[in-house]
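Q: Turn this into a structure:
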Amino acid sequence: MNRSSFGVATLEVSERFGVSSAALASVAVAQLVVYALLQVPVGVLLDRYGPRLLVATGAAVMAVGQAVLALAPSAGWVLAGRVLVGAGDALTFVSVVRLVPAWFAARRVPLMTQLTGSIGQVGQVLSAVPVVALLHVAGWRTTFLSVAAVGVVATVAVLAAVRDAPGAVPAAPAG
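A: Have a look, this model is predicted:
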């Protein structure tokens, strides 16, 4: 939902902030560049803190990014919100992929990894419908604060339910 929420609101962004389609494209590219640049640092963090903590942190960072977007007074803040979404996305996806080999037999890992990505893509498409509907009914601020709230719920759910491996208990962060 976090990836697709901005894409379905481009008309509203143009009207609300008076930005061109080129500026909108730059925001989308910035989000992807941040995602790409964070792959190696996230891998280092993953080795140190584990996937559970990074998935939760990613969800929280994306929630903050959506809240920034909801409350943005100018286009610069929109960019900042989307950069945060890109950073949270990097933390989340890489960490989820790391969970797969811990939970599934080696022969199933390639299939489960592919399914993880595919399910994420389908989820983005399906989530676009409620985001668009809410945007038209409730407006900009309510829509993106609602998306942020979903991120907060996801953060809590990950901390409550996800484990780095079967039988694992949450470890204290390395310090």
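Q: Which positions within the helix-or-strand element of the chain with minimal mean pLDDT qualify as buried?
A: Least confident helix or strand of the chain, by mean pLDDT, DSSP states H and E, is helix 2-7 with a mean of 85. For helix 2-7, the neighbour count (16 or more other CB atoms under 10 Å) marks 2-6 as buried. In this view, the C-beta of every residue, glycine as well, is placed from N, C-alpha and C.
Q: what ranges do the helices span in the protein?
A: Using DSSP state H, the helices of the chain run over 2-7, 10-17, 21-37, 39-49, 51-71, 75-103, 109-138, 140-161.
Q: looking at those helices, which is closest to residue 167?
A: Smallest distance to residue 167 across the helices of the chain (CB to CB): 10.3 Å, for helix 75-103.
Q: Just list what that closest one packs against, helices and strands only.
A: helix 2-7, helix 10-17, helix 21-37, helix 39-49, helix 51-71, helix 109-138 (3 or more CB pairs under 8 Å, 6 or more residues apart in numbering; DSSP states H and E).
Q: JSON lines for these, including distance to residue 149?
A: Output for the helices and strands packed on helix 75-103, formatted as JSON lines (distance: least, CB to CB, whole Å):
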{"stretch": "helix 2-7", "distance to residue 149": "12"}
{"stretch": "helix 10-17", "distance to residue 149": "19"}
{"stretch": "helix 21-37", "distance to residue 149": "21"}
{"stretch": "helix 39-49", "distance to residue 149": "25"}
{"stretch": "helix 51-71", "distance to residue 149": "8"}
{"stretch": "helix 109-138", "distance to residue 149": "11"}
